[in-house]
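**Student:** One predicted model, sequence on top.
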Amino acid sequence: MSPLQIILGIILLVAAIFLIVVVMLQDKAKRGLSGAIAGGSNENTLSKNSAPQKGKWLSKLTTIIAIVFVAVVVIAYLFT
């Protein structure tokens, strides 16, 4: 394994973990179809205490981490 492969692998692993964590922190009321099928409720104890900006911030963070994840995958594919 080349040093580039090791570095890209570490970056990819970290981005994947961050992506999972950020997605899990998303508001559960906005799950759409899966919430309707599983019977998700509209009330969330965490959303009562949090500001509306938290959802926007997490959404932007999710988008940024997803873009980084895809970019690292493409770079790893091209250079390895």
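**Tutor:** Done, it's in.

**Student:** Give me the buried positions along stretch 56-63.
**Tutor:** For stretch 56-63, a neighbour-count test (16 or more other C-beta atoms under 10 Å) marks 58, 61-62 as buried. (Each C-beta comes from the backbone N, C-alpha and C, glycine too.)

**Student:** Contacts for it, please.
**Tutor:** Residues outside stretch 56-63 that contact it (C-beta atoms under 8 Å, 6 or more residues apart in numbering) are 19, 22-23, 25-27.

**Student:** for that stretch, what is the average pLDDT?
**Tutor:** For stretch 56-63, the mean per-residue pLDDT is 91.

**Student:** what do you get for stretch 7-20?
**Tutor:** 94.

**Student:** May I have it as PDB, with CA atoms only?
**Tutor:** Output in PDB follows, covering the C-alpha atoms of stretch 7-20 (Å, rounded to 0.1, in the frame of the first residue of the first chain):
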ATOM      1  CA  ILE A   7      -4.000   8.700   3.800                       C
ATOM      2  CA  LEU A   8      -7.100   8.500   1.600                       C
ATOM      3  CA  GLY A   9      -8.300   5.400   3.500                       C
ATOM      4  CA  ILE A  10      -8.000   7.300   6.900                       C
ATOM      5  CA  ILE A  11      -9.800  10.400   5.500                       C
ATOM      6  CA  LEU A  12     -12.500   8.200   4.000                       C
ATOM      7  CA  LEU A  13     -13.000   6.300   7.300                       C
ATOM      8  CA  VAL A  14     -13.200   9.500   9.300                       C
ATOM      9  CA  ALA A  15     -15.600  11.100   6.900                       C
ATOM     10  CA  ALA A  16     -17.800   8.000   7.000                       C
ATOM     11  CA  ILE A  17     -18.000   8.100  10.800                       C
ATOM     12  CA  PHE A  18     -18.800  11.800  10.800                       C
ATOM     13  CA  LEU A  19     -21.400  11.300   8.200                       C
ATOM     14  CA  ILE A  20     -23.100   8.500  10.200                       C
END
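
**Student:** In it, which residues are buried?
**Tutor:** Quick answer for stretch 7-20 (16+ other C-beta under 10 Å): 8, 11-12, 15, 18-19.

**Student:** Closest to Gln53 out of those residues?
**Tutor:** Phe18 (19.9 Å; C-beta to C-beta).
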